[in-house]
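here's my sequence, what's the structure:
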Amino acid sequence: MRILLIVLAVGILSSCGSDPKPAETVKVAPEPPKPKDETRRFPIENQVSTEVVTPHLLGKAFMPGGTVAHYKKGAVEYDLFLAKMPSGTEAALALPDWRKALEAAKLVPSFGGYFGKDNGRPVFVFSKGEWIAGVAGLPEKDADVLARTLAGRI
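Numbering: from 1, shown residues only. Okay, here's the model as predicted:
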């Protein structure tokens, strides 16, 4: 009888504690959708290849994925790039991030974009509507001409 009472007491006491906490669920942010291949938006002349980059276009953490077109004209190699942002506002808000990321960034008032260097490589970047686009690898004057062509194709 004593053993029965002890077993009952242990059973009752063990059931009296706090409820076990449910296992914590770790919320993982959904992976952003893969960017669409926008090769059709780039000029074909001197184009060598295109590549869809996910995420972080040109290695910039603030950039989503996008499309990069590689070009070669004689000994000169350069890239055009394009990324679609969720809205025109977000595209415009990405420009100050580019200004901070580029060395010696300067505003190009006629275009509303920035020209500077990224790891020693010249980069010209601008927004148009919900797009961030640019030219990497060319001096400002040449980049401006190609950027206008690209802007007309967006």
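
do you know how far residue 37 is from residue 139?
The gap separating residue 37 from residue 139 is 29 Å, by CB to CB, to the nearest Å. C-beta here means a position set from N, CA and C on the backbone, and glycine is covered the same way.

next secondary structure element downstream of the worst-scoring helix or strand of the chain on mean pLDDT?
Ranked by mean pLDDT, DSSP states H and E, the helix or strand of the chain with the weakest confidence is helix 2-15, at a mean of 52. Next in sequence after helix 2-15, counting helices and strands by DSSP states H and E, comes strand 47-53.

checking my notes, residue 132 in a helix, right?
No: counting by DSSP: H, G, I helix; E, B strand; the rest coil, residue 132 is not found in a helix; it is strand.

secondary structure element holding residue 90?
Going by DSSP H and E, residue 90 is in helix 88-101.

between helix 88-101 and whatever helix or strand comes next after that helix, find me the angle.
Going down the chain from helix 88-101, the next helix or strand is strand 103-108, by DSSP H and E. With axes from the mean of the first three to the mean of the last three CA atoms, to 10 degrees as the basis, strand 103-108 and helix 88-101 are set at 140 degrees to each other.

which element follows strand 103-108 toward the C-terminus?
Next element after strand 103-108 (DSSP H and E): strand 113-118.

which other helices and strands contact that next one?
In terms of contacts (3 or more CB pairs under 8 Å, 6 or more residues apart in numbering; DSSP states H and E), strand 113-118 is packed against helix 88-101, strand 103-108, strand 121-128, helix 140-153.

tell me the mean pLDDT for the first one?
In this case it means helix 88-101. Model confidence over helix 88-101 averages 94 on the pLDDT scale.

buried ones in it, by neighbour count?
Using 16 or more other CB atoms under 10 Å as the test for burial, helix 88-101 gives 91, 92, 94, 95, 98, 101.
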